[in-house]
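> just a sequence and a predicted model for now, questions to come.
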Amino acid sequence: MASQHISVPSHAYGLVHANVRLRTRFTIVSNGLAQHRSLSLLAIGLAVYLQSLPEGASVGIKAIASLFPESELRIAAAMRDLEKYGYLARTRERLPDGRILPRTTSYNCPEADRKPLRATPPPAPVAPEPEPEPDFVPEFVPELDWETEPEPEPEWEPAAEPAAEAAPEPEHVPEPEPEPEAAPEPEPERLLPPRFHQAAELLARLRTYDPRLLLSTRDIDRLAPGLAVWLDRGAHPDAALRTLTACLPGDLRHPAALLAHRLTSLLPPPLPTAPPRPDLLPLQDCEGPCTRVFRALEPGLCRDCRESAEEAAA
């Protein structure tokens, strides 16, 4: 049996184009770019995308990566491939105001001459047409009486100025003696309350523990009330100084700020109030039948009368 041969067009087994003639929103791409054997499909697609964008569009790597699923590294590699084969050029341009902006140029045909087009010279300014001269208008000429001549005006003579009197010579005026320089005003006295004097003295002694804790008078007056609270709460002066100067940082630049922080954050609690002693309670008269005197905070029954009243109630 002979083999059967079927006559089928060869293109039926390959690619078939179903094209629609586009009249708007299309981009012309050369086959040199679309069929480039050294460029990756990502680089070819990126070149087609760049050529489809309008002038002035943002084509930074981050801007493109935000629109497509490819990462910034892959888009940067595709741009380098396009630069290598001449389909892309990235430069920087300085504006007249001093700013430097990036500029990206996309080429659809790298083999063509890349010389910039000559800018068309501006049209020569057209000379303005001369204005038409106005028609001759005779000027008005006044009629003169040639028979009578005008009388000449009398010449003006300036009046004679009176002789200036000689100015008397000024008498010698003695120069005023220079005023003595005012003595410098004394510095105002510190108006620190007496209850803060001990705290101020302790703060002034801090520099004996560490020379970096040298405080100004203003800082001492500002920190003294905080240290006075420590002393009012029963803190010993030596213990307060040890707490404020312990574990100082190596790069101490603002000692007043550090002390203000420690005075606030390390403030000791107030001492608990002790209960009143029984022997210091006031004397009270028993309201019971015994009329005994006993010590208590409030008047009432003594202990014996209170126990008797409790037994009777039971």
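Here it is on my side, so go on.

> now do the strands in the chain.
88-94, 100-106, 283-285, 293-295 (DSSP state E).

> Glu55: which of those strands is closest?
Among the strands of the chain, strand 100-106 comes nearest to Glu55, with 10.3 Å by Cβ to Cβ. Quick note: C-beta positions are derived from backbone N, CA and C, even for glycine.

> what pairs with the closest one, parallel or antiparallel?
The pairing partners recorded for strand 100-106 under DSSP bridges are strand 88-94 (antiparallel).

> the strands of the chain into CSV, with extra columns for mean neighbour count and distance to Pro54?
Formatted as CSV, those follow (neighbours: other Cβ atoms under 10 Å; distance: least, Cβ to Cβ, whole Å):
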stretch, mean neighbour count, distance to Pro54
strand 88-94, 12, 17
strand 100-106, 12, 12
strand 283-285, 13, 103
strand 293-295, 13, 103
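
> columns distance to Ser40 on top of those strands, output as JSON lines?
Formatted as JSON lines, the strands of the chain follow (distance: least, Cβ to Cβ, whole Å):
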{"stretch": "strand 88-94", "distance to Ser40": "14"}
{"stretch": "strand 100-106", "distance to Ser40": "17"}
{"stretch": "strand 283-285", "distance to Ser40": "106"}
{"stretch": "strand 293-295", "distance to Ser40": "104"}
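
> so for Pro237, which of the ones you listed sits nearest?
Closest among the strands of the chain, once you apply Cβ to Cβ, is strand 293-295, at 38.4 Å.

> thought Phe240 was touching Leu231?
Small correction: residue 240 is Ala, not Phe. Yes. Between Ala240 and Leu231 there is a contact under Cβ atoms under 8 Å: 7.1 Å.

> which one's more surrounded, those two?
Ranked by neighbour count (other Cβ atoms under 10 Å), Ala240 and Leu231 place Ala240 first, with 19 against 16.

> quick one, what contacts the more buried one?
Applying Cβ atoms under 8 Å, 6 or more residues apart in numbering, we find Ala240 in contact with Leu202, Leu227, Trp230, Leu231.

> the third one and Leu214: what is the separation?
In this case it means Trp230. 21 Å (Cβ to Cβ, to the nearest Å).

> neighbour-wise, which of the two wins?
A direct count of neighbours by other Cβ under 10 Å for Trp230 and Leu214 places Trp230 higher, at 21 against 11.

> list the contacts for the more buried one?
Each residue near Trp230 by Cβ under 8 Å, 6+ apart is listed here: Ala199, Ala240, Leu263, Leu267, Pro268.

> also Asp304?
So Asp304 contacts Cys290, Arg292 (Cβ under 8 Å, 6+ apart).

> I figured Gly60 hits Leu101, correct?
No. Applying Cβ under 8 Å as the test, Gly60 and Leu101 come out as separate, 11.3 Å apart.

> how about residues contacting stretch 50-61?
Thr27, Val29, Glu72, Ile75, Ala76, Met79, Leu88, Pro102, Thr104, Ser106, Asn108.

> mind redoing it with 7 Å?
Contact with stretch 50-61 is made by Thr27, Val29, Glu72, Ile75, Ala76, Thr104, Ser106, Asn108, as judged by Cβ atoms under 7 Å, 6 or more residues apart in numbering.

> before we move on, what about stretch 37-46?
With Cβ under 7 Å, 6+ apart, stretch 37-46 has contacts from Leu33, Ala34, His36, Glu70, Arg74, Ile75, Ala78, Met79, Asp81, Leu82, Tyr85.

> of the residues you listed, just the buried ones, PyMOL syntax please.
Applying 16 or more other Cβ atoms under 10 Å to these, the buried members can be selected in PyMOL as follows:
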select buried, resi 33+36+74+75+78+79+81+82+85
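
> nearest to Leu192, of the contacts of stretch 37-46?
Set against Leu192, the nearest of these by Cβ to Cβ is Ile75 (70.2 Å).

> what's near enough to touch that closest one?
Leu46, Ile61, Ile64, Ala65.

> roughly how far apart are the second one and Gly86?
Looking back up the chat, that one is Ile61. With distances taken as Cβ to Cβ, Ile61 is found 20 Å from Gly86.

> not counting sequence-adjacent ones, nearest residue to Thr264?
For Thr264, ignoring the flanking residues on the chain, the nearest one in space by Cβ to Cβ, 6 or more residues apart in numbering is Gly226 at 6.9 Å.

> so for the helix ranked longest in the chain, mean pLDDT?
Assignment by DSSP state H gives helix 217-232 as the longest helix of the chain. Taken as a whole, helix 217-232 has an average pLDDT of 90.

> related to what we said a few turns ago, just the buried residues of the contacts of Trp230.
Counted by 16+ other Cβ under 10 Å, these give Ala199, Ala240, Leu263 as buried.

> dump those residues to CSV, plus distance to Arg94 and pLDDT.
Formatted as CSV, the buried ones among the contacts of Trp230 follow (distance: Cβ to Cβ, whole Å; pLDDT from 0 to 100):
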residue, distance to Arg94, pLDDT
Ala199, 64, 89
Ala240, 65, 88
Leu263, 57, 90
